[in-house]
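**Student:** predicted coordinates and the sequence they were generated for:
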Amino acid sequence: MMEMTQFYEYELAKAANRLVSEMLKLKPGEIVVVTADTESDSRVVDATAAAAFAVGAKPMVIWNASPLGVGKAADLMLPGEALTAALSVADVWVEYNNQWIFYSNAYERIMETNNKIRHCCYVGMNADMMVRVIGRVDLPTLEKYQERLLALTKAAKYVKMTTPAGGDVEFENDPNRLYGSDVGYADTPGSHMLGGQIGWAPIEETINGIIAFDGSINPPLGLVKEAVKLHVKAGKIEKIEGGQDARAYEAWLKSFNHPNMLRIAHVCYGCNPGAKLTGNVVEDERVWGCTEWGVGYAGSILTGGKPIDAPSHSDGICLNTSLWLDDKQIWDKGRAIDLELAIQAKKLDRL
């Protein structure tokens, strides 16, 4: 009896091939470690390992039990020494585990030990998502869109963001801060995020106003039922307003009994034309026209030096953001109104 073709079987193979050939630029003989946990999609793991092997690389897959937390909150449940040993000699690390190793003590040791490793933080990736956010995205056009948005942002001293859910926050930029623009290419050493995001750390003490998470919060909630409003003064959360989700989020943040868990770590733009709101953080924070705010731990890729320590890290999504840079409006409810951005957005079918 002939076996039925699986959902997106051919499209997934194409996306995995694009990842290893175009984005990672894998070379024959390179060691590729794929990490996964028991919440990961095995089809994505297998497709990536197979694509790596097909180009002459040496794939190794590591499966872990799923920790009950992410980052440093996962340390006690991860085989940290074994992960560090394996990844300290790898050329490429593709992180598919749903519970992040990223930002854990193991991650910090790996990145300190191995200065050649190319790390892809694709946590929680599944077959449907991989096809939409990698396989079907016009990367050269996305790169042009993000280059323009990044240039405008780096040149701005003052930033204001509002959202229909009640967000209204402003802050100042430091031109000397690190700005990350992830289009999807991961062919240089260091950590690389999924394409479709620009992120940076504003001047913390200038962040004031209301940040309204109306998409998702990960961890600990996933999709939210009603907006969770963070009242922020000088970069620190002073009050959390909303319904049941707000109470649960506040309790989670305060459960760590650490002051930096109430600290705003970074902000990001969502720019991936294939992303949709699903509750998966790595996709949610790339939903077109959203902004994402990180709370808690801030890694060296944000600080440019030593990490700002905290027991964990959380990301919240603000949908349909309106954006002003030095009083010039750039987005209107997530839609690009800057002319050059609008041209690229139309090519990406997101005008």
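**Tutor:** Now that the structure is in, tell me what you want to look at. Residues are numbered from 1 along each chain as shown.

**Student:** so residue 7 sits in a strand?
**Tutor:** No - assessed with DSSP: H, G, I helix; E, B strand; the rest coil, residue 7 is coil; it does not lie in a strand.

**Student:** does residue 190 have beta-bridge partners, and which?
**Tutor:** Taking DSSP bridges, one obtains residue 118 as the residues bridged to residue 190.

**Student:** number of residues surrounding it?
**Tutor:** 14 (other C-beta atoms under 10 Å). (Glycine included, C-beta is placed from N, CA and C.)

**Student:** next: residue 315.
**Tutor:** That count, for residue 315 with other C-beta under 10 Å as the rule, works out to 22.

**Student:** again with residue 17
**Tutor:** 18.

**Student:** measure the closest residue to residue 179 other than its chain neighbours to residue 111 for me?
**Tutor:** Once flanking residues are discounted, residue 179 sits nearest to residue 200: 4.4 Å by C-beta to C-beta, 6 or more residues apart in numbering. Distance, residue 200 to residue 111, by C-beta to C-beta, to the nearest Å: 19 Å.

**Student:** now swap in residue 147 and tell me
**Tutor:** Distance from residue 147 to residue 111, by C-beta to C-beta: 26 Å.

**Student:** right, and residue 234 touches residue 209 too?
**Tutor:** No - between residue 234 and residue 209 there is no contact under C-beta atoms under 8 Å: 11.1 Å.

**Student:** which one's more surrounded, the two?
**Tutor:** Between residue 234 and residue 209, counting by other C-beta under 10 Å, residue 209 is the more crowded of the two (17 against 11).

**Student:** the more buried one: which element?
**Tutor:** Element membership for residue 209 (DSSP states H and E) is strand 208-213.

**Student:** can you give me the buried ones in that strand?
**Tutor:** Within strand 208-213, the residues that count as buried by 16 or more other C-beta atoms under 10 Å are 209-213.

**Student:** out of these, which is nearest to residue 266?
**Tutor:** Distances from residue 266 to the buried residues of strand 208-213, taken as C-beta to C-beta, are shortest for residue 211 (11.9 Å).

**Student:** residue 49 versus the nearest residue to residue 51 once chain neighbours are set aside, what's the distance?
**Tutor:** Nearest residue to residue 51, sequence neighbours excluded (C-beta to C-beta, 6+ apart): residue 16, at 4.0 Å. Distance, residue 16 to residue 49, using C-beta to C-beta: 9 Å.

**Student:** who has more neighbours, these two?
**Tutor:** Per other C-beta under 10 Å, whichever of residue 16 and residue 49 has more neighbours is residue 16, with 27 against 20.

**Student:** need the pLDDT of that one.
**Tutor:** Residue 16 carries a pLDDT score of 98 in this model.

**Student:** do the same with residue 305
**Tutor:** In this model, residue 305 is scored at 67, pLDDT.

**Student:** then the one 4 residues further on?
**Tutor:** As summarised for this prediction, residue 309 has a pLDDT of 81.

**Student:** please tell me how far it sits from residue 219.
**Tutor:** Counting by C-beta to C-beta, the gap from residue 309 to residue 219 is 18 Å.

**Student:** who's in contact with residue 136?
**Tutor:** Residue 136 sits next to 11, 15, 274 when contact means C-beta atoms under 8 Å, 6 or more residues apart in numbering.

**Student:** quick check, the second one in contact with residue 135.
**Tutor:** Yes - between residue 15 and residue 135 a contact is recorded at 3.2 Å, counting by C-beta under 8 Å.

**Student:** more neighbours: the two, which one.
**Tutor:** Higher neighbour count among residue 15 and residue 135: residue 15, with 25 against 19, using other C-beta under 10 Å.

**Student:** hang on, that one in a helix?
**Tutor:** Yes - counting by three-state DSSP, residue 15 is part of a helix.

**Student:** ok, back up a step: of residue 147 and residue 111, who's got more company?
**Tutor:** Looking at residue 147 and residue 111 with other C-beta under 10 Å, you find the greater number of neighbours at residue 111, namely 21 against 15.

**Student:** report pLDDT for that one.
**Tutor:** At residue 111, pLDDT is 95.

**Student:** need the contact list for it.
**Tutor:** Residue 111 makes contact with 117, 119, 190-191, 300, according to C-beta under 8 Å, 6+ apart.

**Student:** helices of the stretch 1-150 of the chain, start to end?
**Tutor:** Using DSSP state H, counting those that start in this stretch, the helices of the stretch 1-150 of the chain run over 9-18, 42-54, 80-87, 105-113, 127-130, 139-155.

**Student:** residue 244: which of those is closest?
**Tutor:** Taking C-beta to C-beta as the criterion, residue 244 comes closest to helix 127-130 out of the helices of the stretch 1-150 of the chain, the separation being 27.7 Å.

**Student:** by contact count, what packs against that closest one?
**Tutor:** helix 9-18, helix 42-54 (3 or more C-beta pairs under 8 Å, 6 or more residues apart in numbering; DSSP states H and E).

**Student:** more crowded one of residue 309 and residue 219?
**Tutor:** Neighbours were counted for residue 309 and for residue 219 using other C-beta under 10 Å; residue 219 has more, 19 against 11.

**Student:** hmm, residue 253 and the more buried one touching each other?
**Tutor:** No - Residue 219 is beyond contact range of residue 253, at 10.3 Å (criterion: C-beta under 8 Å).

**Student:** list the contacts for the closest residue to residue 154 other than its chain neighbours?
**Tutor:** Using C-beta to C-beta, 6+ apart and skipping the chain neighbours, the partner closest in space to residue 154 is residue 179 (5.8 Å). Neighbour list for residue 179: 150, 153-154, 198-200 [criterion: C-beta under 8 Å, 6+ apart].
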